[in-house]
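Undergrad: prediction below, plus the sequence it came from.
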Amino acid sequence: MPWSSERRLAAAIGLLSGASALALIALPTTALTAAPADLLIQGGTVYTGADAPATVADVVVVGDKIVYVGPGAARRYSAKRVIDAKGKIVAPGLIDAHTHPDTYIRSTDAKQRLNAPWVFQGVSTVLMGVDGYGTPDVAKDAAWFTEKRVGTNLVPYVGFGAVRSKVLNQDARAPTPAELDKERALVAKGMCEGAVGFSTGLFYAPQSFAKTDEVIELAKEAAKRGGIYDTHQRDESSYTIGLLGSVKEVIQIGREAGLPVHFAHIKALGVDVQGESSQVIALINQARAAGQVVTADEYPWEASGSSLDASLLPRWSVDGGRPALLKRLDDPATLEKIRTEMAENMRRRGGPDSLLLTAADKPWTGKTLAQMAKTWNLDPRDAALRIIRDDGHGTSVASFNMVEPDIKAFMVQPWVVTSSDGSDGHPRQYATFPMKYAKYVKAEKTITLGEFIRSSTGRTADMFSLKARGYLKPGYFADVVVFDPARYAPKADYVHPRLLTEGVDELVVNGDLVLDGGKLTGHAPGRVLLHTPPAGTCS
């Protein structure tokens, strides 16, 4: 039976005499047994990221790793820094499954690259290059982030939009066999350089011009290298093949390409499909029961975020890119056809009152499309076209077109995790995780605190095979958040979308404090977490 520290002390004293024994007695027992540590987070309510109850415990960090999770750490470790977490929640750093953080992480300003909108929510890791926008030059991109430093970990995708644009520009046509081979090579390059998978945004041009078989062929390149297929599906509403038809297409792509599929920001968008969440869930559960790996992420907001042109313009009108669109708008007959289809797209999104314009520093910022139409004395379609002509980058819009029963139905599924889809101008970029906590845990009790943390940490890490992340376990990387359950709350809203979240006191990323006492430290310890393809799949 192991000796206690007291018995070891007594034995040691028995071997000594006089002043030596008295000096040893004067030492605290920790001085004889404590191992050195860098950080001790003491006495918090610890959720490990697993599907398990919380416990009051300590977390010990040495270097960039967790070395101990349990009680009584002060008797075992002598830490350089001790954080008193009594009354607070201690959890793995949150993982955002779907983000658009480029304004921050690609900034020339080192402070911007701390990625504060996510850090203040308690997020330590973000998945990027989503919706098909991920560059195939993954290695070059990763080297830049490693040199410049960022505040959070980054997990990259290789994206269909980036690949197709390189080969086919913005054209609405199928690739030739030679062009398809070029696309395959670009996807393979991205995967071999460390992309976690292949992302698509089939709702957006030019990706929307691709047929299912083209997507399957490229997804096979990710499958060969152990990747996942992540998609903003072709239709979340009733634009083209409909929500249910689109869900079936995603499942088909995964089945025929032979890889896990993941629905980005799963939803039922617009008046025509509200209430169809039960049918979507049934289709996914059926595929899962048949052996497919099918998962999803979701944000807890009633308004989606997109661009005004993607929301309202028919896809054929943007064939060839912006120059071709502007020519079509200058042709009276074509313009009238566009206006006719815009009316239907506006209807399915709930009308001009449901479209809040969110681009920064514009005359229409914070106004609805209906308000701008009234200001300009224009038909809402013509007001939208005026904005689209003015803003060549695509004015962002928050589109109020989801309903609470659908949001909640998806949220409680065991295969759904948290994402922000955080994009500039929408409060989800600054406040998604605290919104989910404040509204769906505290106020409405749709899920428990444990389920909130599980769906924002360990479950997400498992879905995307993030090695030694997402859990508070010895040997895992020290990504840890400490937040006050009474103060953790969103501050951003649709009118003020850029207000930082409050209530996160400490955020540790790879063992380094990014937030300390609720303030940025200026440290940027984030890493690019690259996927390792199976041996022999990359020559």
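TA: Received the coordinates, thanks.

Undergrad: what number of residues lie near V167?
TA: 18 (other Cβ atoms under 10 Å). Every C-beta, even on glycine, is put in place using the N, C-alpha and C of the backbone.

Undergrad: C-terminal to the host helix or strand of it, which secondary structure element comes first?
TA: Assigned by DSSP states H and E, V167 belongs to helix 160-168. Toward the C-terminus, helix 160-168 is succeeded by helix 177-192 as the next helix or strand (DSSP H and E).

Undergrad: buried residues in that next one, which are they?
TA: L180, E183, R184, L186, V187, A188, K189, G190, M191, C192 (16 or more other Cβ atoms under 10 Å).

Undergrad: repeat for stretch 391-406
TA: D391, G394, T395, S396, V397, A398, S399, F400, N401, M402, D406.

Undergrad: farthest-separated two in the buried residues of helix 177-192?
TA: Using Cβ to Cβ, those span at most 18.4 Å, a distance reached by L180 and C192.

Undergrad: quick one: buried residues of stretch 436-450?
TA: Those would be K436, Y437, A438, K439, Y440, V441, T446, I447, L449, G450, for stretch 436-450 by 16+ other Cβ under 10 Å.

Undergrad: helix, strand, or coil at the closest residue to V60 other than its chain neighbours?
TA: Leaving aside its chain neighbours, V60 sits nearest to Y68 (4.0 Å; criterion: Cβ to Cβ, 6 or more residues apart in numbering). Here Y68 is recorded as strand under DSSP: H, G, I helix; E, B strand; the rest coil.

Undergrad: distance of Y68 from D505?
TA: 21 Å (Cβ to Cβ, to the nearest Å).

Undergrad: what angle do the helix holding V167 and helix 177-192 make?
TA: 140 degrees (axes from the mean of the first three to the mean of the last three Cα atoms, to 10 degrees).

Undergrad: offset the numbering so it begins at 38, please.
TA: New numbering, starting at 38: the last item is helix 197-205.

Undergrad: other SSEs contacting helix 197-205?
TA: helix 214-229, strand 234-238, helix 249-261 (3 or more Cβ pairs under 8 Å, 6 or more residues apart in numbering; DSSP states H and E).

Undergrad: okay, these in TSV with distance to S576 and mean pLDDT next?
TA: Listed next are these as TSV, based on distance: least, Cβ to Cβ, whole Å; pLDDT from 0 to 100:
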stretch	distance to S576	mean pLDDT
helix 214-229	8	98
strand 234-238	19	98
helix 249-261	12	98
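
Undergrad: nearest to A421, out of the ones you listed?
TA: It is, among the helices and strands packed on helix 197-205 and with distance given as Cβ to Cβ, strand 234-238, at 21.0 Å.

Undergrad: the buried residues of stretch 428-443 in strands, which ones?
TA: Judged by DSSP state E, the buried residues of stretch 428-443 include S433, V434, A435, S436, F437 as members of strands.

Undergrad: export those to CSV and tack on distance to G358?
TA: Shown next, in CSV, are those (distance: Cβ to Cβ, whole Å):
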residue, distance to G358
S433, 19
V434, 20
A435, 25
S436, 23
F437, 29
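
Undergrad: closest to P534 out of the residues you listed?
TA: A435 (8.3 Å).

Undergrad: just checking, what packs against the one helix or strand L363 maps to?
TA: Element membership for L363, per DSSP H and E: helix 359-366. Other helices and strands packing on helix 359-366, by 3+ Cβ pairs under 8 Å, 6+ apart, are helix 369-385, helix 417-427.

Undergrad: looking at those helices, which is buried most?
TA: Among these, helix 417-427 has the highest mean neighbour count (mean count of other Cβ atoms under 10 Å), at a mean of 19.

Undergrad: C-terminal to the longest strand along the chain, what's the next element?
TA: With residue count as the measure and DSSP E as the assignment, the chain has strand 72-83 as its longest strand. Per DSSP H and E, the first helix or strand lying C-terminal to strand 72-83 is strand 92-99.

Undergrad: tell me the angle that following strand makes with strand 72-83.
TA: 150 degrees.

Undergrad: could I get the average pLDDT for strand 92-99?
TA: If you average the pLDDT over strand 92-99, you get 98.

Undergrad: quick one: it to chain centroid distance?
TA: 26 Å (Cα atoms, centre = their mean, to the nearest Å).

Undergrad: again with stretch 406-418
TA: 34 Å.

Undergrad: stretch 428-444 too?
TA: 17 Å.

Undergrad: got the end-to-end distance for that stretch?
TA: Counting by Cα to Cα, to the nearest Å, you get 32 Å between the two ends of stretch 428-444.

Undergrad: kindly report the same for stretch 451-470.
TA: Stretch 451-470 stretches 18 Å from its first residue to its last (Cα to Cα).

Undergrad: so how far is W155 from the residue nearest to A380 when sequence neighbours are not counted?
TA: For A380, ignoring the flanking residues on the chain, the nearest one in space by Cβ to Cβ, 6+ apart is R418 at 6.2 Å. According to Cβ to Cβ, R418 stands 36 Å off from W155.

Undergrad: of all the helices and strands packed on helix 197-205, which lies closest to L422?
TA: strand 234-238 (23.1 Å).

Undergrad: which secondary structure elements does the closest one contact?
TA: By 3+ Cβ pairs under 8 Å, 6+ apart, strand 234-238 packs against strand 195-196, helix 197-205, helix 214-229, helix 249-261, strand 265-269.

Undergrad: name the strands paired with the shortest one and say parallel or antiparallel.
TA: If you go by DSSP bridges, strand 195-196 pairs up with strand 234-238 (parallel).

Undergrad: the last one too?
TA: When sheet partners are counted by DSSP bridges, strand 265-269 sits next to strand 234-238 (parallel), strand 298-300 (parallel).

Undergrad: would you tell me which one of these is buried the most?
TA: strand 234-238 (a mean of 30).
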